[in-house]
Structures are given as C-alpha cells and as structure tokens.
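*Asks:* This is a predicted model, with the sequence first.
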Amino acid sequence: MAINDLPKYKDIRGSIRRNGRYPVVGTAIKDTHVVHHSMTAQHLKGSTPQAFANTHIDTNKWPGIAYAFVIMPDGTIYQCDDLDRRTYHAGDINTRSIGTCLVGDFRKEGAAEKPTAEQMQSLYLLNKELYKVLSNMKITLGHQECPGYAWKNCPGDTWNYKDVISGKILISEKKEEPKVAERDIDKVSDWAKKDWEEAIANGYFDGTRPGSPFTREEAAIVINRLRKNLLELISK
Ligand SMILES: [Zn+2]
C-alpha cells in the first residue's frame, strides 16, 4: 500500500493554485506529522483546499497551501503538496514535519464542531501510512504541541487527535454486531414448531400422507435441535 492507495485519496498537487514552490528538503529529514484543523466551519464555501491556498498565497504571501494534506468532512484526503517540501504550517519544525489539516472548527469557543467519523478514519489511515512511507517518522503532534504554539487552539479542544491516531476512537465507535436475543430464537423455533404442527395436522407425520418424512417424535427432536443450533450460533 502507498499513500495514493488510501481510500478516498485524491491528488490535487497538479491543479491547486501556487505562487512558486516551497523548498525541497527531502524526506529523510521528515520525522513529525502535525495535525491541524482549518478553524473554518465545515459547511462554509471557503472550507476547501483551494480556498486555503488562496488565503495562504494572497494574505500570508506564501508559495502555496500550508498543508501537505487536507481531509474533508466526507473523509476525502487531498494531497496538496509533496512529502519532501518545507511548507509553512508549524513554525520552527516546518523542515522536519508534514502538515495535515482536517476541515472544521473544532474549538469549543468557536463552531464547536467535531471531526466526522469519516475524517477520523482517514486521519488514522493517513497517519499510519506516513510512518510506513517515511522511514524516519517518529512522532505525531497537534499543532498546539509544536514549539511556540501552546497558545494556539489547533487542532481544537472538542476532540483528542491522539485517540484517533491510536485507533481508540475507531475501535470504540465500531458498531457492535447486533446479537440475536434468546427470545428471538424462541420466536424462530416457535414459528418452526407452528409449521411442524401444521404439517402434523395435515398428516405429514402419521404416515397417512405419502412422502411423510418423520414421525411426530422425530419432528419434536428436529425442532429442539434447531433451537439448540441457533443458540450455539449466537453464543459464538
Ligand atoms: Zn494549525
């Protein structure tokens, strides 16, 4: 697997607006993955990598979008720049880090959004993949944990990115398979019993009908066995 094999991956490096290029520093120096939020509400028109690129170019006068990756609320992972570039997203550690931005305002005092399940899934997978692709990767940080950024509420305080990176959230939110309750088994075997009883009433088991497969006693055994099999099935 490679990054471009990730589900919902889209490469927009060739089409996203730039004003020059960020310098190439190589991938060997990259040892940190930094997680950001866009601080723009998810439904806003401006919550796209293209809009972030415009702001970073026009307002900040940077060569392009700050983030190598942007993850949309539907889980789409846009790759916006190469892994070997020094983009401006984390101050002193720009050279050694890769920046990923989740679209949304995840501040309690802001829009108080939370990443969608799709976004968390994509972040989990992307982060895992970066450690495979970049041989010197050591740590994943929230923007706020980067040197000099303690003041910045990024990637927001409505969630904990560490629970996503570790897979904890994904595991705890995984939907439990609905267990068939024992009373449902009883219902099923009741239906079966009714069918058998009807068959019995119609003379299937007393030898009065041609092709009758079981005696009444045998029919009772079959019903009990069915119930037992179903119970065994759900206890697995
Ligand atoms: Zn940030």
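*Replies:* Done, it's in. Just so it is clear, the structure is predicted and the values come from calculations on it, not from any experiment. Numbering: from 1, shown residues only.
*Asks:* When you work out contacts or count neighbours from here on, use the C-alpha atoms and nothing else.
*Replies:* Noted.
*Asks:* domains of this protein?
*Replies:* 3-166, 175-235 (automatic domain parsing).
*Asks:* among these, which gets the worst mean confidence?
*Replies:* Among those, domain 175-235 carries the lowest mean pLDDT, a mean of 69.
*Asks:* CA atoms only for stretch 93-101, dumped as CSV, please.
*Replies:* Only the C-alpha atoms of stretch 93-101 are listed here, as CSV (Å, rounded to 0.1, in the frame of the first residue of the first chain):
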residue,chain,number,x,y,z
ILE,A,93,9.6,22.5,12.8
ASN,A,94,8.4,23.1,9.2
THR,A,95,11.5,21.5,7.8
ARG,A,96,11.1,18.2,9.6
SER,A,97,7.3,17.9,9.6
ILE,A,98,4.4,17.1,7.3
GLY,A,99,1.1,19.0,7.9
THR,A,100,-2.4,17.6,7.7
CYS,A,101,-5.4,19.8,8.1
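*Asks:* how about that stretch against the ion, any contact?
*Replies:* No: shown here: stretch 93-101 not in contact with the ion (C-alpha under 5 Å from the ion), separated by at least 7.3 Å.
*Asks:* Next up, the contacts around whatever residue of the chain ends up closest to the ion.
*Replies:* Nearest to the ion, among the residues of the chain, is His36, at 4.0 Å (C-alpha to the ion). The contact partners of His36, taken as C-alpha atoms under 8 Å, 6 or more residues apart in numbering, are Gly99, Thr100, Cys101, Leu102, Gly142, His143, Cys154, Pro155.
*Asks:* Go again with 7 Å.
*Replies:* Contacts for His36 were tallied using C-alpha atoms under 7 Å, 6 or more residues apart in numbering; they are Thr100, Cys101, Leu102, Gly142, His143, Cys154, Pro155.
*Asks:* circling back to that earlier point, any idea which of the domains of the chain is most buried?
*Replies:* domain 3-166 (a mean of 19; mean count of other C-alpha atoms under 10 Å).
*Asks:* Now do it: distance from first to last residue.
*Replies:* Using C-alpha to C-alpha, to the nearest Å, one end of domain 3-166 lies 19 Å from the other.
*Asks:* any idea of the pLDDT on Ile169?
*Replies:* 80.
*Asks:* these two touch, right, it and Asp163?
*Replies:* Yes: the criterion here is C-alpha atoms under 7 Å, and Ile169 meets it with Asp163 at 5.5 Å.
*Asks:* mind checking how far Asp186 is from Ile234?
*Replies:* 13 Å.
*Asks:* Get me the contact residues on this structure for the ion.
*Replies:* Residues of the chain lying near the ion (C-alpha under 5 Å from the ion): His36, His143, Cys154.
*Asks:* so can I have CSV of those residues showing secondary structure and distance to Pro73?
*Replies:* Output for the residues of the chain next to the ion, formatted as CSV (DSSP: H, G, I helix; E, B strand; the rest coil; distance: C-alpha to C-alpha, whole Å):
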residue, secondary structure, distance to Pro73
His36, strand, 14
His143, helix, 19
Cys154, coil, 17
